[in-house]
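# no sequence for this one, just the structure:
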């Protein structure tokens, strides 16, 4: 099966957005262009042959396709694109339409599972329909339909098949229609014959669907209802802003999660040949190696990144991945192992990875299965990868770094060192709390965070006592905390923790948990004193109180402190005035950007002094 993508038109309703770029080259909030996203998702679902019609800004389309060297892309230029509609582009593409086809417009944004549903459907020829029109028979139904859909395509169904496609139909039997088809070669040939008849009559300024409408009675194109999947067409600036934001969150939700052993499902569940890089070491990685060898997978192991991966280590991993022609990553371990794999995935496609702080990262076809062995940072659910560069902690962040698959297997938590187990738990709890009061918090992220807090609150004792059932809940809680901060990002306690790690020789979760109660109390005091200006903060604190099962901020903070104290972690050594100054100056102001209140150096210093008993 091939895919035909119409990319000849400019998109007149996009105004200045398409003045210098083809509309399919608009960059979505997740960092990729519409066209690149189409190629990526379709190729991930097994489509490797593409026919792409060109016209306006054709050099941009050709350049973008070079990021997918594994694909066969045939370009069909429409020199009359400014004076014709895409019916003429389809006419020009006719000699290449010799197979079953996916046919779609270049301004469509959709999710991966929708493509899989289309390809897996037993319907030989189908079209996409969304049942979202105003209710038939309601007052001013026709006007309501016009207001809702404007110039967009509608589809009329009859006897369970497509009977008409037009922008100008608004009757009760019409539905939202998306220009995305799966057609048999026979139906493609029939449509092409109708297209040629229109062109021979000089009708080259109409939609290709105008030709299709005349033969639909002899065809059987059945509807596939979009239901819980996502599809949208970007026609104007409002569409662009809305769709760009919506699809990003939709992609996060499509990460495939297995709450038990899922190696067979992930690695044996499709026909793509995999050459795997296994990132991680020790006994747990040995189990993965045995599986790979049993099932005759080619693989290499990379265990060159320590608990704090350095850029030089990551570079070695990138070089090995390229040398061995790998195309899939499995990371097993704590957050550092997963961060190393995420960084490798981002850097492998780059021409010059040495300037990674300056370049724009890209999506790639490299798959990544993440298997956490700690219940802590939820790194398997985030788009960020932490590494050290010239001694400084850096964060690479791109939606393409989010692992594709995750296995949450509680057996891997059974042999965690006591300190690692405790600090990881605290990290997950702190992330969840911070996520709720973050400026970027959303209803979705707060939902994840509140559930994570409740799970940790209710299972901490049993988990520390070795309960396998509690370990399942703790793994899920950590994953949810990762999902939450993937949307909201962290705030002041995290920003204030980083220098403490190196200065005191303690873990990340330990350091954050030391600072969080003081920052929390500072927010609670501010919300009381400036109630009118802090309505959002008050609501956030109320959600946190409810998640901890408490009615007051003091009660919730005490509940957190009880959990921290139960860990019996060592106190840091006494600090000097010089060290207080070092800590204060180390706080990255950009990392404070999501904190709900502005903190100046004096306030930051005061918080450090309180924690270090210098006040």
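Sure, I can see it. The model shown is predicted, which means the values in this text are computed figures rather than measured ones.

# list the residues that contact residue 348.
318, 321, 322, 364, 366 (C-beta atoms under 8 Å, 6 or more residues apart in numbering). Where C-beta positions appear, they are placed from N, C-alpha and C, glycine not excepted.

# in the stretch 101-250 of the chain, which spans are strands?
101-105, 108-110, 126-130, 154-158, 161-166, 174-183, 222-225, 231-233 (DSSP state E, counting those that start in this stretch).

# so the fourth one versus strand 174-183, what angle?
By that I understand strand 154-158. Here the directions of strand 154-158 and strand 174-183 differ by 80 degrees (axes from the mean of the first three to the mean of the last three C-alpha atoms, to 10 degrees).

# ok, the third one next?
Taking the same axes, to 10 degrees, one finds that strand 126-130 is oriented at 150 degrees with respect to strand 174-183.

# which neighbouring elements make contact with strand 126-130?
helix 112-120, strand 154-158, strand 174-183, strand 222-225 (3 or more C-beta pairs under 8 Å, 6 or more residues apart in numbering; DSSP states H and E).

# parallel or antiparallel, list what pairs with it.
strand 174-183 (antiparallel), strand 222-225 (parallel) (DSSP bridges).

# among those, which comes closest to residue 573?
Residue 573 sits nearest to strand 174-183 of all these, at 62.7 Å, using C-beta to C-beta.

# and the chain, what are its domains?
2-253, 255-415, 421-615 (automatic domain parsing).

# I'd like those domains as a markdown table, with mean pLDDT appended.
Shown next, in a markdown table, are these (pLDDT from 0 to 100):
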| stretch | mean pLDDT |
| --- | --- |
| domain 2-253 | 88 |
| domain 255-415 | 87 |
| domain 421-615 | 92 |
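
# and stretch 265-284, end to end?
19 Å (C-alpha to C-alpha, to the nearest Å).

# check which element follows whichever helix or strand residue 301 is part of along the chain.
Of the helices and strands defined by DSSP states H and E, residue 301 is found in strand 298-302. On the C-terminal side of strand 298-302, the nearest following helix or strand under DSSP H and E is helix 311-323.

# coming back round to it: looking at the contacts of residue 348, which one is closest to residue 115?
For these, the nearest to residue 115 is residue 364 (17.6 Å; C-beta to C-beta).

# correct me, but that closest one touches residue 400?
Yes. Assessed by C-beta atoms under 8 Å, residue 364 is found in contact with residue 400 at 6.6 Å.

# what do these two both touch?
Common neighbours of residue 364 and residue 400 (C-beta under 8 Å, 6+ apart) are residue 345.

# circling back to that earlier point, which one of the helices and strands packed on strand 126-130 lies closest to residue 552?
helix 112-120 (43.9 Å).

# how about the strands of the stretch 101-250 of the chain in CSV, adding mean neighbour count?
Shown next, in CSV, are the strands of the stretch 101-250 of the chain (neighbours: other C-beta atoms under 10 Å):
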stretch, mean neighbour count
strand 101-105, 22
strand 108-110, 22
strand 126-130, 22
strand 154-158, 18
strand 161-166, 20
strand 174-183, 22
strand 222-225, 17
strand 231-233, 18
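
# want to throw the helices and strands packed on strand 126-130 into JSON lines with distance to residue 273?
Converted to JSON lines, the helices and strands packed on strand 126-130 look like this (distance: least, C-beta to C-beta, whole Å):
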{"stretch": "helix 112-120", "distance to residue 273": "19"}
{"stretch": "strand 154-158", "distance to residue 273": "39"}
{"stretch": "strand 174-183", "distance to residue 273": "25"}
{"stretch": "strand 222-225", "distance to residue 273": "29"}
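
# how about those, which one is nearest residue 548?
Of those, nearest to residue 548 by C-beta to C-beta is helix 112-120, at 35.7 Å.

# packing partners for the closest one?
Checked by 3+ C-beta pairs under 8 Å, 6+ apart, helix 112-120 has helix 34-44, strand 126-130, strand 174-183 packed alongside it.

# next, the angle helix 34-44 makes with the helix or strand that residue 59 is a member of.
Residue 59 belongs to helix 58-65 when assigned by DSSP H and E. If you take the same axes, to 10 degrees, helix 58-65 sits at 40 degrees to helix 34-44.

# helix or strand right after helix 58-65?
strand 72-77.

# what packs against that next one?
Counting by 3+ C-beta pairs under 8 Å, 6+ apart, strand 72-77 packs on strand 49-54, helix 58-65, helix 86-93.
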